[in-house]
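Visitor: this one's structure only:
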């Protein structure tokens, strides 16, 4: 009888072979017969280990996310949080363009309302990066919306690029998309001080001044929400009420 370690090795080998077939021939190339032949085993072994083709593809999807996360830059809260977000964005774009079939399986071939469990670790990293922006007082929308916007923009940029032939892809697209989403979710850095100490003001009218004030209030509320649990001077009930008020501001 095959021991657990032997089954694990065989399972890992089959998943790697299936991922290779997916990369070279797309989803249609990942048949149980083709995978079994390439892995040097029999189709019943695949059924025993994965149940069916969908189970095998689910394992390849997990393998894809594990590969993706292994390349993620480490989180460093001491860095500029926008630059930290950019490093994760660049990796996302590069991974998608380098692994088109795997990226499509991971981000475009999922069932509505059923995010793969393997994707949760990546989402958690993104949410941490968004929270660091909030803690810096730079987030103009609530954290959930910001994370959803970044995820949608990043995956959308990759899918748009993959839809074009490689020699027709516009390298400016991903940069433009990043700057657009950052502008949508963050406030501008604090205005510089003039020689006499007054705050410099933009000369583009009252409407923009009001918009900046609103964005500043939301950013301040987001920053305070991040540290709400640290406010020991407040009771649990007071923190709960304050949290509701801050949520109302950020939403």
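Guide: Ah, there it is. Predicted model only: the values in this text are computed from it and were never measured.
Visitor: list the contacts of residue 13.
Guide: By Cβ atoms under 8 Å, 6 or more residues apart in numbering, the contact set of residue 13 is residue 39. Any C-beta I mention is one placed from the backbone N, CA and C, and that applies to glycine too.
Visitor: any idea how far it lies from residue 249?
Guide: Counting by Cβ to Cβ, to the nearest Å, the gap from residue 13 to residue 249 is 53 Å.
Visitor: swap in residue 108?
Guide: Applying Cβ to Cβ, the value for residue 108 to residue 249 is 35 Å.
Visitor: so how many other residues sit close to residue 232?
Guide: Burial measure for residue 232: 7 neighbouring residues, criterion other Cβ atoms under 10 Å.
Visitor: which phi and psi does it have?
Guide: Backbone dihedrals for residue 232, given as degrees, to the nearest 10, come out at phi -70, psi -20.
Visitor: and the one 4 residues further on, by the same measure?
Guide: Residue 236 adopts backbone torsions of phi -60, psi -40, taken as degrees, to the nearest 10.
Visitor: residue ranges with poor pLDDT in the stretch 1-150 of the chain?
Guide: Counting by pLDDT under 70, the low-confidence segments of the stretch 1-150 of the chain come to 1-4, 73-78, 111, 113.
Visitor: what about residue 108 and residue 249, which has more around it?
Guide: Here residue 108 and residue 249 are set side by side on neighbour count (other Cβ under 10 Å), and the busier one is residue 249, at 15 against 11.
Visitor: which ones are touching that one?
Guide: Residue 249 makes contacts with 217-218, 221, as judged by Cβ under 8 Å, 6+ apart.
Visitor: all set, thanks.
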